[in-house]
Every structure is written in structure tokens, then in C-alpha cells.
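**Q** here is my input; please provide its structure:
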Amino acid sequence: MIRIVSLLVSIPVVIIVATFAYRNAQLVTIDFFTSKFDFPLAGILLISILLGVLLGFIINLTVLLKQKNKIRQLTKQRHEMISLTEALKMDDKRL
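**A** Below you'll find the model as predicted:
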């Protein structure tokens, strides 16, 4: 079922990207400080979008890893607190 849904989503996306690339095939000059080169406008736009997605993914990944680390620390503290609470309850029963 997931394959069918992904196929149904992928086909229109491929058609849209192909149409976009065809309609924006004119060459534009990219001027870096030391060199110039011509590249299709669609390629530049698609590369820019992919770099933005990659940068967003990396930023989200770092935030996610920080959150997982914080969850791990809090879980450890919780277990320590539970064990301390149990130890205090045992001490109260002895008295």
C-alpha cells in the first residue's frame, strides 16, 4: 500500500520537476570571484533547493540529537531519584 501511495506521489513530482526544468532551460552565467561558468537556470534553482533541504535536515538533526541527549540525562536523573526515594522509604520503615 505504501509503495502505491509513494508511486502516486512520485509520478506527479517527477512530471512537475521535468516540466520546470524544460521551461527554465536557459543558461545563466554564474560569476564566482575567480571564474565564470554557464549553467541552466533550472539546475541552479534545484541545487539551491536541495542545499536548503540538506541544511535544514542537518540543523534538525543537531536539535534532535541535543533533545535525545537531554532526555537521556533526565531519564538517568529520574532513575536516581526513584532509587533515592526507595532508599529513604526503607530507612523510614527501619526507624
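**Q** strands of the chain, residue ranges please.
**A** 27-31, 36-40 (DSSP state E).
**Q** redo those as TSV? Include distance to Val13.
**A** C-beta: built from backbone N, CA, C; applies to glycine. As requested, those are arranged in TSV below (distance: least, Cβ to Cβ, whole Å):
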stretch	distance to Val13
strand 27-31	24
strand 36-40	19
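**Q** could I get those strands as a markdown table with distance to Leu50 and mean pLDDT?
**A** Converted to a markdown table, the strands of the chain look like this (distance: least, Cβ to Cβ, whole Å; pLDDT from 0 to 100):
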| stretch | distance to Leu50 | mean pLDDT |
| --- | --- | --- |
| strand 27-31 | 16 | 90 |
| strand 36-40 | 14 | 90 |
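**Q** mind giving me JSON lines with these and columns for mean neighbour count?
**A** Below are these laid out as JSON lines (neighbours: other Cβ atoms under 10 Å):
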{"stretch": "strand 27-31", "mean neighbour count": "11"}
{"stretch": "strand 36-40", "mean neighbour count": "11"}
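**Q** quick one: closest of the ones you listed to Thr19.
**A** Nearest to Thr19, of all these, is strand 36-40, at 14.1 Å by Cβ to Cβ.
**Q** strands paired with the closest one, and their directions?
**A** strand 27-31 (antiparallel) (DSSP bridges).
**Q** show me what the partner strand is in contact with.
**A** Lys36, Phe37, Asp38, Phe39, Pro40, Leu41, Ile44 (Cβ atoms under 8 Å, 6 or more residues apart in numbering).
**Q** ok so, going back, which stretch among the strands of the chain comes nearest Arg3?
**A** Of all the strands of the chain, strand 36-40 sits nearest to Arg3, with 32.2 Å by Cβ to Cβ.
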